[in-house]
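Participant: using only what follows, build the 3D model:
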Amino acid sequence: MNPEYNVMSIDIIKEVNKIPIAQIILLDGDAAEQEFAISNTEFFKPGK
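Facilitator: As a prediction, the model looks like this:
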């Protein structure tokens, strides 16, 4: 991941007998314009 991306938060949840979960929230784009430059990069395409 590009180190220039603005990270809003990182959450990691570990519990006994459960699969660990990690969530990274990035500040990306403009909701009104529906433009999300970071989300549209090759890095975030599923299966890559």
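
Participant: C-alpha only now, for contacts and for neighbours.
Facilitator: OK.

Participant: look up how far T41 lies from K48.
Facilitator: As for K48, its distance to T41 is 11 Å (criterion: C-alpha to C-alpha, to the nearest Å).

Participant: actually, D28.
Facilitator: As for D28, its distance to T41 is 11 Å (criterion: C-alpha to C-alpha).

Participant: what about S39, how many neighbours?
Facilitator: The burial count assigned to S39 is 13, neighbours taken as other C-alpha atoms under 10 Å.

Participant: and it, what does it touch?
Facilitator: By C-alpha atoms under 8 Å, 6 or more residues apart in numbering, the contact set of S39 is D28.

Participant: tell me, what's the model's pLDDT at S39?
Facilitator: Looking at S39, its pLDDT stands at 88.

Participant: tell me which element it is part of?
Facilitator: Counting by DSSP states H and E, there is no helix or strand that carries S39.

Participant: show me the shaky parts of this structure.
Facilitator: Within the chain, no stretch falls below the threshold (pLDDT under 70).

Participant: circling back: who has more neighbours, K48 and T41?
Facilitator: Legend: neighbour count by other C-alpha under 10 Å for K48 and T41, higher for T41 (9 against 6).

Participant: look up how far G29 lies from the more buried one.
Facilitator: For T41 relative to G29 (C-alpha to C-alpha), the value is 12 Å.

Participant: can you pull out the strands in the chain?
Facilitator: With strands called from DSSP state E, the chain shows them at 7-13, 21-26.

Participant: restricting to C-alpha, output the first one in PDB.
Facilitator: Once side chains and other backbone atoms are set aside, the C-alpha atoms of strand 7-13 remain, and they are given as PDB (Å, rounded to 0.1, in the frame of the first residue of the first chain):
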ATOM      1  CA  VAL A   7      -5.100   6.400   7.300                       C
ATOM      2  CA  MET A   8      -8.100   7.300   9.400                       C
ATOM      3  CA  SER A   9      -8.000   4.300  11.700                       C
ATOM      4  CA  ILE A  10      -6.900   0.700  12.000                       C
ATOM      5  CA  ASP A  11      -8.900  -1.800  14.100                       C
ATOM      6  CA  ILE A  12      -7.700  -5.300  14.900                       C
ATOM      7  CA  ILE A  13     -10.000  -7.700  16.800                       C
END
